[in-house]
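Asker: Build me a structure from this.
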Amino acid sequence: MAILEVENFSVSFKQYKAGLKQIHNQVISSLDLTLEAGKILAIVGASGSGKSLLAHAILGILPGNARTSGTIKYQGEILTPARQKALRGKEIALVPQSVNYLDPLMQVGKQVRTSVKISEDAVGVQRKVFERYQLKQETESMYPFQLSGGMARRVLLSTAMVSGANVIIADEPTPGLDPVVMKEALQNIREFADIGSAVMFITHDIDSALRIADHIAVFYAGTTVEIAPVENFTNKGEELRHPYTKALWRALPQNDFIPIAGTMPHPSELPTGCLFAPRCPLATPECNEEKPQMRDVRDGMVRCIHAN
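Answerer: A predicted model of the protein is given here:
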């Protein structure tokens, strides 16, 4: 069942150049994806491809110079700024990339309790979830600076868990973790889906995504180029649909370790047609005419006129 739907969504930022000339840089364009209850959709792509920006757009925390178009629907209704404010931290929760999201002046137990539903015993719920994440009771009286990195991440996970949110957005929650802690963190994220939440797992690490996700959405230059079941990421990538996804897969060290020629375009210099065309070995003159639409191909979705 679809919980959150992003349809033809775009984000641009107003900037001023010399002489106070106003320009709009399109950072996300024509983006489409759907989050389903009990499922994890992993968002992968290079830095600057728009992954975290999408999370901020869903939460309604974009900076003031941002302009958006298209729609975001939550449970079938448009997610207006007023609804975003009302739902943020309650029905739509964020597991952020940085532990700096914790208030340095508040004990972590109190911080977690603020996300507990009003009708519940906040202290009891907080202590139960701390026990679940192997955080001792004395941890609740600590301040963020007193926590190890692993403890701080578990506090952030606790905050999302006690909210009972229908949508969990985990934004790069595993960078810099050793293998044991990373395995634990990924298991914790999988738990959100197993209890019925729709999860968006943002990462640059395809290997991590494959361990817990149901589908993977591949971002390039601010748009989705492919959404595929995790089972398609195998062997030489024969089951994948988009040339960029295949190249990304083959660039991994455990595969062919073949680098992708060229660089991703800057938002101010996007090509008129397919955004990947300047780097694509399959590009034809048609690819430069207009941006391809997302379409269904072999139980997945792809933005490429050559995919079959």
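Asker: Pull the residues that contact the helix or strand containing L35.
Answerer: Per DSSP states H and E, L35 falls inside strand 21-36. Contact partners of strand 21-36, identified using Cβ atoms under 8 Å, 6 or more residues apart in numbering, comprise 1-17, 41, 43, 50, 53-54, 57, 67, 70, 167, 198-200, 217, 222-224, 227, 267-268, 270, 291, 294, 301. Heads up, the C-betas are built off the backbone N, CA and C, glycines and all.
Asker: So among those, which ones count as buried?
Answerer: Neighbour-count burial within the contacts of strand 21-36 applies to 3-6, 9-13, 41, 43, 50, 53-54, 57, 70, 167, 198-200, 217, 222-224, 227, 267, 270, 291, 294, 301; the criterion is 16 or more other Cβ atoms under 10 Å.
Asker: Select from these every entry located in strands.
Answerer: 3-6, 9-13, 41, 43, 70, 167, 198-200, 217, 223-224, 227, 301 (DSSP state E).
Asker: can you list the domains in this structure?
Answerer: Domain assignment for the chain by automatic domain parsing gives 2-14+24-91+165-258+295-302, 102-163.
Asker: Turn these into CSV, columns for mean pLDDT and distance to P278.
Answerer: Shown next, in CSV, are the domains of the chain (pLDDT from 0 to 100; distance: least, Cβ to Cβ, whole Å):
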stretch, mean pLDDT, distance to P278
domain 2-14+24-91+165-258+295-302, 93, 10
domain 102-163, 92, 39
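Asker: And the strands in the stretch 101-250 of the chain?
Answerer: 167-171, 198-202, 215-220, 223-229 (DSSP state E, counting those that start in this stretch).
Asker: out of those strands, nearest to E238?
Answerer: Among the strands of the stretch 101-250 of the chain, strand 223-229 comes nearest to E238, with 12.1 Å by Cβ to Cβ.
Asker: Each with direction, which strands does that closest one pair with?
Answerer: Paired strands of strand 223-229, with direction, are strand 215-220 (antiparallel), strand 300-302 (antiparallel) (DSSP bridges).
Asker: Just name the most buried of those strands.
Answerer: strand 215-220 (a mean of 24; mean count of other Cβ atoms under 10 Å).
Asker: Can you tell me the closest non-neighbouring residue to F9?
Answerer: G70 (3.6 Å; Cβ to Cβ, 6 or more residues apart in numbering).
Asker: re earlier: any chance of the strands paired with strand 223-229 in a markdown table, with distance to P285 too?
Answerer: Converted to a markdown table, these look like this (distance: least, Cβ to Cβ, whole Å):
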| stretch | distance to P285 |
| --- | --- |
| strand 215-220 | 20 |
| strand 300-302 | 20 |
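Asker: May I have stretch 239-254 exported as CSV, CA atoms only?
Answerer: This file holds the C-alpha atoms of stretch 239-254, laid out as CSV (Å, rounded to 0.1, in the frame of the first residue of the first chain):
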residue,chain,number,x,y,z
GLU,A,239,18.7,-7.4,-15.3
LEU,A,240,19.2,-3.6,-14.8
ARG,A,241,17.6,-1.2,-17.2
HIS,A,242,19.4,2.2,-17.3
PRO,A,243,23.0,2.6,-18.6
TYR,A,244,23.9,4.7,-15.6
THR,A,245,22.7,2.0,-13.1
LYS,A,246,24.6,-0.6,-15.0
ALA,A,247,27.8,1.6,-15.0
LEU,A,248,27.4,2.3,-11.3
TRP,A,249,27.1,-1.4,-10.6
ARG,A,250,30.1,-2.3,-12.7
ALA,A,251,32.2,0.4,-11.1
LEU,A,252,32.1,-1.3,-7.7
PRO,A,253,35.4,-3.0,-6.6
GLN,A,254,33.8,-6.4,-6.3
